[in-house]
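In: Provided below are the primary sequence and the corresponding predicted coordinates.
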Amino acid sequence: MSATIKFAQIELSAGGVIYRDAEGVGLQLLLIRDSYGNWGFPKGHIEAGEDAAAAALRECREETGLNRLRLAAPLGTTDWYFQQGGALVHKFCDYFLVEVSGEDVARPQRREGIQACEWLSPAQIMQRVTYDNARQIAIQAVEFASRGRTGSEPAAGADPAGRPRGK
């Protein structure tokens, strides 16, 4: 009897959980609805010459139209497998907490298939987000953002652990 070993291609991406402290409303996070109708956070491929943090900020700007963004803290890495063109792909996505200031209106990047952007409370996020791994990132984001609002913001700049480096 012989066994076939199938190796996965590695794909690296980065994304952000954008948050704001809305006057009279409190903490809100931004969700996007992708081309498949799923609700999650802005994310995309890490381009040549970028690190994960730079890619996360770029993707957040591109997919939401928001520009006044500041990296606040690393949140962690999600990973999943999928089939693409007959190949097995193992995708890793580093997420960062991203603060927006002075901008209320997010505009979905329609040419990339982003259908909607919506500001939601933490409780609403937990109900709306489609994937369990994104829900776990949302929990981390709410925890960090809440700490930041009370003056004990986590240090920014640390690199999330748990995924292969290089591409």
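Out: Now that the structure is in, tell me what you want to look at.
In: Buried residues of the biggest helix by length in the chain, list them for me.
Out: Determined from DSSP state H, the single longest helix within the chain is helix 132-149. Of the residues in helix 132-149, those scored as buried under the neighbour-count criterion (16 or more other Cβ atoms under 10 Å) are 133, 134, 137, 138, 140, 141, 142, 144, 145, 148. Just so you know, the C-beta spots here come from the backbone N, C-alpha and C atoms, and that holds for glycine as well.
In: Dump those to TSV, plus pLDDT and distance to residue 13.
Out: Shown next, in TSV, are the buried residues of helix 132-149 (pLDDT from 0 to 100; distance: Cβ to Cβ, whole Å):
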residue	pLDDT	distance to residue 13
133	93	13
134	94	13
137	96	13
138	95	17
140	94	17
141	96	17
142	95	22
144	91	20
145	89	22
148	64	25
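In: which residues in this protein form strands?
Out: Assigned strands in the chain, in chain order: 9-22, 26-33, 39-40, 43-45, 69-84, 87-100, 116-120 (criterion: DSSP state E).
In: how about those in JSON lines, adding mean pLDDT and mean neighbour count?
Out: Putting those into JSON lines (pLDDT from 0 to 100; neighbours: other Cβ atoms under 10 Å) gives the following:
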{"stretch": "strand 9-22", "mean pLDDT": "95", "mean neighbour count": "21"}
{"stretch": "strand 26-33", "mean pLDDT": "95", "mean neighbour count": "21"}
{"stretch": "strand 39-40", "mean pLDDT": "96", "mean neighbour count": "20"}
{"stretch": "strand 43-45", "mean pLDDT": "96", "mean neighbour count": "19"}
{"stretch": "strand 69-84", "mean pLDDT": "94", "mean neighbour count": "17"}
{"stretch": "strand 87-100", "mean pLDDT": "96", "mean neighbour count": "21"}
{"stretch": "strand 116-120", "mean pLDDT": "96", "mean neighbour count": "17"}
